[in-house]
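Enquirer: coordinates for the following, if possible.
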Amino acid sequence: MAKVTREMVENSGVNVDQLVELLVKNAAAELTTYYYYTLLRFNLIGLEGEGIKEIAETARIEDRNHFEAIVPRIYELGGKLPDDMKVFHDMSACPPASLPEDPTDVMAILKVLVEAERCAVRGYTHICNLTAGKDHRTYDLAQAILNEEIEHESWFSEFLGEGPSGHFLRRGETSPFVSKFLK
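Expert: Prediction:
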């Protein structure tokens with residue numbers, strides 16, 4: 001644990017225990033989403049599914065990167081991940097992005113994907129609001145993840161016909177906002 005780091009965040013008025021709990025729950029959401037997106041991606045088949053598969057894969061890899069970026073901050077603030085993976089899964093900030101009842105229904109899969117992203121957008125917006133002007137490192141990390149989660153939501157909502165998003169699939173680059181935390 002970085003003692004001065006924790007002390008400075010506490011002195012700025014942030015409840016560090018609450019923040020660590022939120023970070024752990026969001027880390028759980030990122031790791032479980034990575035797992036569930038693997039299942040969803042494998043079921044994106046046929047003419048409809050193939051067009052979405054690459055976007056789902058990018059979101060899947062970026063969610064793994066989000067997990068990797070959050071974990072060091074949890075430990076810097078004196079937190080830790082649970083020892084039991086089942087406990088970790090069940091404490092996720094977002095519900096499981098499980099396969100729909102009909103795994104061949106591409107629109108149902110898209111709805112699962114977009115709802116998972118919307119949950120993430122809410123979670124990181126909350127962390128940004130708690131840390132803005134108080135905990136610069138956590139804010140910067142949460143804002144970087146938020147930027148990517150907003151793009152994920154935009155990609156999937158476009159396929160659902162909710163309107164144009166103005167965002168394009170990244171070619172050859174993943175996690176453009178979060179990559180600086182992965183070095």
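Enquirer: could you give the average pLDDT over the longest helix seen in the chain?
Expert: The longest helix of the chain (DSSP state H) is helix 46-76. The average pLDDT within helix 46-76 is 95.
Enquirer: before we move on, what about stretch 139-148?
Expert: On average, stretch 139-148 scores 98.
Enquirer: likewise stretch 29-43?
Expert: Rounded mean pLDDT across stretch 29-43 is 97.
Enquirer: in it, what's buried?
Expert: 29, 30, 31, 32, 33, 34, 36, 37, 40, 41, 43 (16 or more other CB atoms under 10 Å). Heads up, the C-betas are built off the backbone N, CA and C, glycines and all.
Enquirer: and for stretch 150-167?
Expert: Across stretch 150-167, burial judged by 16+ other CB under 10 Å covers 150, 151, 152, 153, 154, 155, 156, 157, 158, 159.
Enquirer: for the residue nearest to residue 25 when sequence neighbours are not counted, give its distance to residue 65.
Expert: With CB to CB, 6 or more residues apart in numbering as the criterion, residue 25 has its nearest non-adjacent residue at 3.9 Å, and that residue is residue 93. Between residue 93 and residue 65 the distance is 17 Å, computed by CB to CB, to the nearest Å.
Enquirer: next one: residue 53
Expert: 19 Å.
Enquirer: more neighbours: which of those two?
Expert: residue 65 (21 against 15; other CB atoms under 10 Å).
Enquirer: that one and residue 173 touch, don't they?
Expert: No. Checked against CB atoms under 8 Å, the pair residue 65 and residue 173 is beyond contact range at 11.5 Å.
Enquirer: intersection of neighbour lists for these two?
Expert: In terms of CB atoms under 8 Å, 6 or more residues apart in numbering, residue 65 and residue 173 are not both contacted by any residue.
Enquirer: before we move on, the earlier item: who are the contact partners of the residue nearest to residue 25?
Expert: Residues in contact with residue 93, defined by CB under 8 Å, 6+ apart, are 22, 25, 26, 28, 29, 119, 123.
Enquirer: now secondary structure and distance to residue 178 too, for those residues, in CSV please.
Expert: Output for the contacts of residue 93, formatted as CSV (DSSP: H, G, I helix; E, B strand; the rest coil; distance: CB to CB, whole Å):
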residue, secondary structure, distance to residue 178
22, helix, 17
25, helix, 18
26, helix, 13
28, helix, 17
29, helix, 15
119, helix, 18
123, helix, 15
